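Asker: can't give you the sequence, but here's the structure:
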């Protein structure tokens, strides 16, 4: 599970996972991201003195497609109550900050980073975890936050669509954020937009490409005792219509809980015959099941 030198990794198939709680281990990270695709390597850099990880790690997948899929469905999930950041480990993301930073005010105290991410990622790629300003002592929200988009088109769309809209029963105010160490100058200026238009890396990353179609993240009903014992078991499979349950001879009465042979379970419509050429679940259904299992694990350790 230990990683080799950076140069030996497939950087296009490697993701960066940040914001990790101190209780997260390489084993847990491996098991969690295995739900998104075949994992080749997991590495969490450790402090040389304390031997504790430093709050981030790298996960290498078999292929780039699996890495992109993991980014799409795993970014901002909560692990031990903390939203984690998931993006490509390659260095090009560092050059994507074009200054499309927006300010969001009048936030309800109950709004967290995950809700902001889920709401605003529909407008385009978000480069970093939404930053809610909090009291350093109590951790309570101060009622405002900042979001850094990968493009001004995404930021413009978010401002136009969401400014004045109600979020958790409060009308929120949205505008471009003030620049740091500036005299009242906001982001979104003509000069910034001109520089952004000349950034080939920013031009290559299109809104909605990675995060906007992420599926729901709350799944319940999983037995915690099964999690660390070797993966998450699949749901029970009912026998096809006309076949007896496992271990039962044809013509024998079914045990309690099974419907008579040839009949669907109570309340379920009759199942159509499966296609002759099907070999297991389709790729999309398999992906959905993997995501559900991953979200279940995160829900349990939140």
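Answerer: Thanks, I have it. Just so it is clear, the model here is predicted, and its values are computed rather than measured. Numbers count the residues shown, from 1 in each chain.
Asker: who does the helix or strand harbouring residue 41 pair up with?
Answerer: Following DSSP states H and E, one finds residue 41 within strand 39-43. For strand 39-43, the paired strands and their directions (DSSP bridges) are strand 56-61 (antiparallel).
Asker: following element in sequence after the strand it pairs with, please.
Answerer: Next in sequence after strand 56-61, counting helices and strands by DSSP H and E, comes helix 64-74.
Asker: for that following helix, give the mean pLDDT please.
Answerer: The average pLDDT within helix 64-74 is 92.
Asker: follow-up on the earlier one: tell me which residues in the strand holding residue 41 are buried?
Answerer: By 16 or more other C-beta atoms under 10 Å, the buried positions in strand 39-43 come out as 39-43. Yep, even glycine has a C-beta here, placed from its N, CA and C like the rest.
Asker: who's in contact with residue 76?
Answerer: With contact taken as C-beta atoms under 8 Å, 6 or more residues apart in numbering, residue 76 is in contact with 83-86, 113-114, 117-118, 129.
Asker: got the domain ranges for the chain?
Answerer: The chain breaks down by the TED database into domains covering 10-90, 93-197.
Asker: drop anything exposed from the contacts of residue 76.
Answerer: Judged by 16+ other C-beta under 10 Å, buried ones among these: 83-86, 113, 117, 129.
Asker: can you tell me which of these are in helices?
Answerer: 113, 117 (DSSP state H).
Asker: columns pLDDT and distance to residue 195 on top of the buried ones among the contacts of residue 76, output as TSV?
Answerer: Formatted as TSV, those follow (pLDDT from 0 to 100; distance: C-beta to C-beta, whole Å):
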residue	pLDDT	distance to residue 195
83	89	30
84	91	31
85	88	25
86	90	27
113	87	28
117	87	26
129	78	24
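Asker: and which of the buried ones among the contacts of residue 76 is nearest to residue 149?
Answerer: Closest approach between these and residue 149, by C-beta to C-beta: residue 117, at 11.8 Å.
Asker: my read: that closest one touches residue 83, true?
Answerer: Yes: counting by C-beta atoms under 8 Å, residue 117 touches residue 83, with 7.3 Å between them.
Asker: shared neighbours of these two, anything?
Answerer: Here residue 117 and residue 83 have 76, 129 as joint contacts, going by C-beta under 8 Å, 6+ apart.
Asker: pLDDT weak spots in this structure?
Answerer: Within the chain, the stretches with pLDDT under 70 are 1-8, 90-96, 199-302.
Asker: would CSV of the buried ones among the contacts of residue 76 with distance to residue 137 be doable?
Answerer: CSV is the format used below for those (distance: C-beta to C-beta, whole Å):
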residue, distance to residue 137
83, 21
84, 24
85, 25
86, 30
113, 19
117, 25
129, 21
